[in-house]
Structure formats: C-alpha cells, structure tokens
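Enquirer: Provide a 3D model corresponding to the input given below.
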Amino acid sequence: MPFFASLSGDSADVSEKRERLHHSLDVLAAIGDLALLPRGQWLSVSGCVVRLDAADHPQNLLISGVPLLRMSPEDRDAVHLDGPRRLLHPHLELTRIGIPTITIDEWARRPLLSLAEWTTNEIANELVETPGDLDVASFRFYVPALASAGTRQSNRWFTTNDQLQGRYLAHAEQPAGWTQHYVAEVDSGDVVGIRELDPQDVRPLMFGLDHSAGNPTSVHWVESTQKVLLRLPNPLPYAEARIVAALSDSTGNRQWELTQGRESVRRTLTELGVTFVVSDSTGRKS
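Expert: Numbers count the residues shown, from 1 in each chain. Next up is the predicted model:
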C-alpha cells in the first residue's frame, strides 16, 4: 500500500503514525489480505479472487496479502490499485493467479437464506426455561414496531410492560460490565423462556426485525459521476460491514467513499432491508 511508504517522510509524530498504521492494518485484516495473530503479529494470507456483481466493472477483486512482486510481470500489469483494493483486469485469465474464485457473498459469509427467512428461523428456534437467578427485570427489548419511523436502532429498545406478548430480541447488562443478548419469550410482561445469542447474530437480527415490523432504517446514498458517498446511521452486521470495508474508504463518523463495486454494495444493503435516501452531489433527492 503506498500509504506505508509515505510514513517515512510524514511530519506526523510517532503516536499519530502508529495510530494510522494500526488503522490501515485493521482495514487490510477486514478485507482479508492479512490475518491477526497473537502478540500484535500479522500474517500475509494467500487469499482468493472475489467476484463482484455483474454490473460492477472491474468485476474481480484480488483479496490476498501476497506481494505483487511475487506475481509475473504480465499478471502484475493486470492489477489495478485503488487504495488498499487490488482489482483485476477483466481479460486476465483467473486460473493464472492460482487461488480460488468465489462470490462476494461467499467471501463475506452471508447467510444463504433471505433476511426474512433467517430472522423467522432465529426467532423460532427452541428456548429454555428462564433460570431463576437471571435478573429479567433488567431486560430491555428490541421492538421496532413501538419506535418512531426511521429512528436509529439504539432508540428501539424498551423496558418490559404488560403489552409485550411473544418473542423478542432482548439484552441485559451483566455484573462484569458486558452485554448479553437473548431471544426471550414474554407472556403478560413475564420472561418465560430464553436463548442466548451469538454476538454476530444480534445485528442482522435487528435489521430483520426492523424489516418484519415495517420500520426499516435508512442509509444516505449521495451519487456523483466518479463516486458515491455513503452514510450509515447504524452499525452494519459483520458480513455487510466486511463488504463495505473492502470496497470503500472510511471518512469517519460512519461515512464511506465508494469508487468501486457500487452495485455490489447497493444490493447488499438492499437485501438488508434498509431504505435508501438518494441524492446527487448538489443535495437534490431522487
């Protein structure tokens, strides 16, 4: 990445350089070029070729920590650098690279089911009886149907009341200071069954519940000829965040600048059930 070479002549102090370097390594790890090891070490990975949506050009993204100097001159000339991204010329014979080719959904490990089907299954899975020592009085429940239209997901959590009936996403602060999430069944305000959730399942379940309640969240999509500015009011699930990180550059405060793969990103967010607030670079909405 040219950024690393520029650090030597940069006038920033050591702590700022270290912070920027760590951020760049995190980006490469999110994309898949590097793997994080214990004790602050990083491993270059052989990776794969990720096939973007058919409407995107170039369509093939090289995800690999292998240095370009290890490639033949002919193959190296077919690689286009775009920040940390390495895009492949469409006429390059992919078998020459010698690594697997997979779709972007496979690479991001997105579920095979639609969001609606996945959410239905996640809510319907078997629960266990609520342990007697669990402080259910501290539970807060994710109920997008009770929230204002389009409000942030952080404002869609509510304390229990007698009107809650059925199964909900819930969370509670633990004595050690961390948050545990559950699927909880509520009967007349009482929690009668629970199932602990994997942390990576929480965020997609929130988007799925938003969609099923008819109260989706929104993303801001500002188009120009050369790029898209994307603003995300809510954190994305792991898989979708990985796709956005691989194809765009963070400008801070959950804003991203997208120059490649815009159709892949737009489809990914559409399938997450969000509403697009689309405008052009002058602010005119469409």
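Enquirer: just the strands in the stretch 101-250 of the chain please.
Expert: Remark: strands assigned in the stretch 101-250 of the chain by DSSP state E, counting those that start in this stretch are 101-103, 128-129, 140-142, 157-159, 166-173, 179-187, 190-196, 218-223, 228-231, 248-252.
Enquirer: neighbouring strands for the longest one, and are they parallel or not?
Expert: Within its sheet, strand 179-187 is paired with strand 166-173 (antiparallel), strand 190-196 (antiparallel), according to DSSP bridges.
Enquirer: Dump the strands of the stretch 101-250 of the chain to CSV, plus distance to residue 52 and mean neighbour count.
Expert: For every residue, glycine as well, the C-beta is placed using N, CA and C. Output for the strands of the stretch 101-250 of the chain, formatted as CSV (distance: least, C-beta to C-beta, whole Å; neighbours: other C-beta atoms under 10 Å):
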stretch, distance to residue 52, mean neighbour count
strand 101-103, 9, 13
strand 128-129, 42, 8
strand 140-142, 33, 20
strand 157-159, 36, 15
strand 166-173, 32, 18
strand 179-187, 32, 19
strand 190-196, 36, 16
strand 218-223, 18, 18
strand 228-231, 15, 19
strand 248-252, 13, 14
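Enquirer: between the ones you listed, which gets nearest to residue 81?
Expert: Closest to residue 81 of the strands of the stretch 101-250 of the chain is strand 248-252 (C-beta to C-beta; 13.0 Å).
Enquirer: that older thread, so which of the strands of the stretch 101-250 of the chain is nearest residue 260?
Expert: strand 248-252 (8.0 Å).
Enquirer: got any ranges where the stretch 1-150 of the chain has weak pLDDT?
Expert: By pLDDT under 70, the low-scoring segments of the stretch 1-150 of the chain are 1-12, 28, 30-35, 42-46.
Enquirer: who touches residue 170 in this structure?
Expert: Contacts for residue 170 (C-beta atoms under 8 Å, 6 or more residues apart in numbering) come out as 139, 140, 141, 142, 181, 182, 183, 184, 191, 194.
Enquirer: same thing but 10 Å
Expert: 136, 138-143, 157, 160, 164, 180-186, 191, 194, 197 (C-beta atoms under 10 Å, 6 or more residues apart in numbering).
Enquirer: in the sheet, who's paired with it?
Expert: Bridge pairing for residue 170 - DSSP bridges - gives residue 141, residue 182.
Enquirer: confidence score at it?
Expert: pLDDT recorded at residue 170 is 97.
Enquirer: With residue 122 as the reference, measure out to residue 239.
Expert: 15 Å (C-beta to C-beta, to the nearest Å).
Enquirer: Hmm, residue 205 is touching residue 272, no?
Expert: No: counting by C-beta atoms under 10 Å, residue 205 sits too far from residue 272 to count as a contact (11.7 Å).
Enquirer: what is in contact with the two at once?
Expert: With C-beta under 10 Å, 6+ apart as the test, residue 205 and residue 272 both reach 115, 237.
Enquirer: re earlier: looking at the strands paired with strand 179-187, which is closest to residue 220?
Expert: Evaluated with C-beta to C-beta, those place strand 166-173 nearest to residue 220, the distance being 25.3 Å.
Enquirer: how far out from the middle of the chain is that closest one?
Expert: Relative to the centre of its chain, strand 166-173 is centred 22 Å away, using C-alpha atoms, centre = their mean, to the nearest Å.
Enquirer: Cool, thanks, talk later.
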